[in-house]
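Novice: sequence first, then the predicted structure:
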Amino acid sequence: MWVRLRAWARGARARTRRDAGMVTSEYAMGIVAAVAFAVVLYKVVTSGTVSAELQGIVKRALDAGV
């Protein structure tokens with residue numbers, strides 16, 4: 001029984017070591033996706049309509065008498 005348990009533990013350690021983290025190509029794809037998302041978000045926020053709405057919200061918040 002102990003032999004089987006040790007063999008199972010060795011196999012479990014080998015499986016976790018194999019999938020321990022991301023490889024360089026996965027990091028690169030994650031960075032590319034994050035940069036693309038940031039560019040799209042920047043374009044949306046700096047567009048005329050959204051920018052005007054955000055300025056209106058900030059102006060109303062600053063004009064509110066608390």
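Specialist: That came through fine.
Novice: measure residue 7 to residue 29 for me?
Specialist: From residue 7 across to residue 29, the span is 36 Å (C-beta to C-beta, to the nearest Å). Every C-beta, even on glycine, is put in place using the N, C-alpha and C of the backbone.
Novice: oops, could you answer that again for residue 56 instead?
Specialist: Counting by C-beta to C-beta, the gap from residue 56 to residue 29 is 38 Å.
Novice: quick one, helices of this protein?
Specialist: Taking DSSP state H, the helices of the chain run over residues 2-18, 24-45, 48-63.
Novice: got the angle between the longest one and helix 48-63?
Specialist: What it means is helix 24-45. Per axes from the mean of the first three to the mean of the last three C-alpha atoms, to 10 degrees, the angle that helix 24-45 makes with helix 48-63 is 70 degrees.
Novice: ok, residue 63 - contacts?
Specialist: With contact set as C-beta atoms under 8 Å, 6 or more residues apart in numbering, residue 63 has no partners.
Novice: confidence-wise, which helix or strand of this protein is lowest on average?
Specialist: Here the helix or strand of the chain ranked lowest by mean pLDDT, DSSP states H and E is helix 2-18, holding a mean of 68.
Novice: in the protein, where is pLDDT below threshold?
Specialist: In the predicted model of the chain, residues 1, 12-22, 65-66 satisfy pLDDT under 70.
Novice: what residue is smack in the middle of it?
Specialist: For the chain, the residue nearest the mean C-alpha position is residue 34 (7.1 Å; C-alpha atoms, centre = their mean).
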